[in-house]
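Undergrad: Got a predicted structure plus its sequence, pasted below:
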Amino acid sequence: MDIDPVVRDRYLDRLGVEGEPPSLDGLCELHRRHAERVPYETLWIHGGERWDIDAHRAANRIALDGRGGYCYHLNGAFGLLLSSLGYRVRYHMGGVHGPGGPDPTARGNHLVLTVDGLPSSNNPAGRWYVDVGLGDALHEPLPLRADSVQQGPFQLTLAEPLPSDGDWHLRHDPTGGFTGMAWTMEEPDRALMQRHHEWLSTSPESGFVKLGLAQTRDAEGLDIMHGLVVKRIGRGARSSETLRDRRSWFDALNDLFGLNFEASPPGTTDKLWQRTVTAHEAWERTQT
């Protein structure tokens with residue numbers, strides 16, 4: 001689980017923090033900076049980049065190439081970074097679900113982190129739920145206990161596992177991008193996650209394949225690019241704007257999300273733009 005020291009230092013540079021010994025304040029600051037500066041993004045799918053779920057390669061892309069990813073990449077890389085700084089990190093397998101509630105068939109479509117050994121006055125057990133890969137949900141860690149907290153425009157509710165199912169359950173705000181996510185404290189099944197990753201990143205039925213996405217979360221809301229549409233939710237909310245000019249679209253990806261594609265294979269940006277326009281136009285036809 002080691003991370004190359006050069007990658008670690010560049011990773012910290014992107015977050016704008018110094019490498020310091022483990023502390024609760026340090027964990028919270030790292031989590032906030034990650035949510036704000038490393039986007040949850042699926043544009044690699046639309047650019048024809050076939051990423052795997054290897055955490056080291058994800059850390060390299062984040063640290064050296066100015067990219068993001070989805071849960072396997074963001075939480076996988078963040079776990080490596082935290083471990084390199086001395087945090088006691090554990091990985092778990094989760095399942096993002098819809099209105100019907102936790103679904104056993106969804107287990108493995110999300111990677112979860114917890115961090116132990118950081119007690120506080122409101123969390124004497126010292127165990128924290130950490131998740132920079134859940135899109136518009138967490139801006140900072142949550143104590144691993146039943147509670148409901150407000151983070152910016154969203155109320156997040158964490159429920160302890162029932163003896164019958166063994167799952168922790170996060171319920172997102174009704175205005176958030178998904179209903180909830182359940183996970184166990186068991187170690188991940190990498191083969192199962194790989195199967196979910198293949199479906200999420202290649203199936204025509206996957207929402208990630210249908211329309212590209214980039215978003216970053218901050219203390220008061222989030223910025224989102226969905227297809228060609230950019231918008232702000234929360235404090236400073238603004239009306240959706242459709243960016244039909246290629247240069248304006250790529251400028252927004254860089255300015256709002258810190259994304260650049262200089263390290264991508266030749267032709268990636270052409271393919272990304274063409275597929276995004278085509279997918280966005282197809283999506284628009286479904287809205288009429």
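TA: Here it is on my side, so go on.
Undergrad: For residue 151, name its beta-bridge partners.
TA: Under the criterion DSSP bridges, residue 151 forms beta bridges with residue 154.
Undergrad: separation between it and residue 173?
TA: Here residue 151 is placed at a distance of 9 Å from residue 173 (Cβ to Cβ, to the nearest Å). All C-beta spots, glycine's among them, are computed from the backbone N, C-alpha and C.
Undergrad: and the two? which has more neighbours close in?
TA: residue 151 (20 against 17; other Cβ atoms under 10 Å).
Undergrad: With only the CA atoms kept, save stretch 178-189 in PDB.
TA: Written as PDB, here are the backbone C-alpha positions of stretch 178-189 (Å, rounded to 0.1, in the frame of the first residue of the first chain):
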ATOM      1  CA  PHE A 178     -28.700   9.700  -5.300                       C
ATOM      2  CA  THR A 179     -30.900   8.200  -2.600                       C
ATOM      3  CA  GLY A 180     -28.400   6.400  -0.400                       C
ATOM      4  CA  MET A 181     -25.500   4.000   0.000                       C
ATOM      5  CA  ALA A 182     -25.100   0.900   2.300                       C
ATOM      6  CA  TRP A 183     -21.800  -0.800   3.200                       C
ATOM      7  CA  THR A 184     -20.400  -3.500   5.400                       C
ATOM      8  CA  MET A 185     -17.100  -3.300   7.400                       C
ATOM      9  CA  GLU A 186     -15.800  -6.400   5.500                       C
ATOM     10  CA  GLU A 187     -12.800  -6.100   3.200                       C
ATOM     11  CA  PRO A 188     -13.700  -5.400  -0.500                       C
ATOM     12  CA  ASP A 189     -14.100  -8.200  -3.000                       C
END
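Undergrad: Near the residue nearest to residue 8 when sequence neighbours are not counted, how many residues? Count them for me, please.
TA: Closest residue to residue 8 apart from its sequence neighbours, by Cβ to Cβ, 6 or more residues apart in numbering: residue 84 at 5.1 Å. Number of residues near residue 84 (other Cβ under 10 Å) recorded here: 20.
Undergrad: Can you pull the phi/psi pair for residue 84?
TA: Taking degrees, to the nearest 10, you get phi -60, psi -20 for the backbone angles of residue 84.
Undergrad: wait, isn't it in contact with residue 6?
TA: No - the pair residue 84 and residue 6 does not pass the contact test of Cβ atoms under 8 Å, sitting 11.7 Å apart.
Undergrad: secondary structure class for residue 173?
TA: When the structure is split into helix, strand and coil by DSSP: H, G, I helix; E, B strand; the rest coil, residue 173 lands in coil.
Undergrad: which stretches of the stretch 1-150 of the chain have low pLDDT?
TA: Across the stretch 1-150 of the chain, the ranges flagged by pLDDT under 70 are 1.
Undergrad: where along it do the helices fall?
TA: Under the criterion DSSP state H, counting those that start in this stretch, the stretch 1-150 of the chain carries helices at the ranges 5-15, 24-37, 43-46, 55-60, 71-84.
Undergrad: and of those, who's closest to residue 156?
TA: Nearest to residue 156 among the helices of the stretch 1-150 of the chain is helix 24-37 (13.0 Å), distances taken as Cβ to Cβ.
Undergrad: which strands and helices sit next to that closest one?
TA: In terms of contact count using 3 or more Cβ pairs under 8 Å, 6 or more residues apart in numbering; DSSP states H and E, helix 24-37 is assigned the packing partners helix 5-15, helix 71-84, strand 128-130, strand 213-218.
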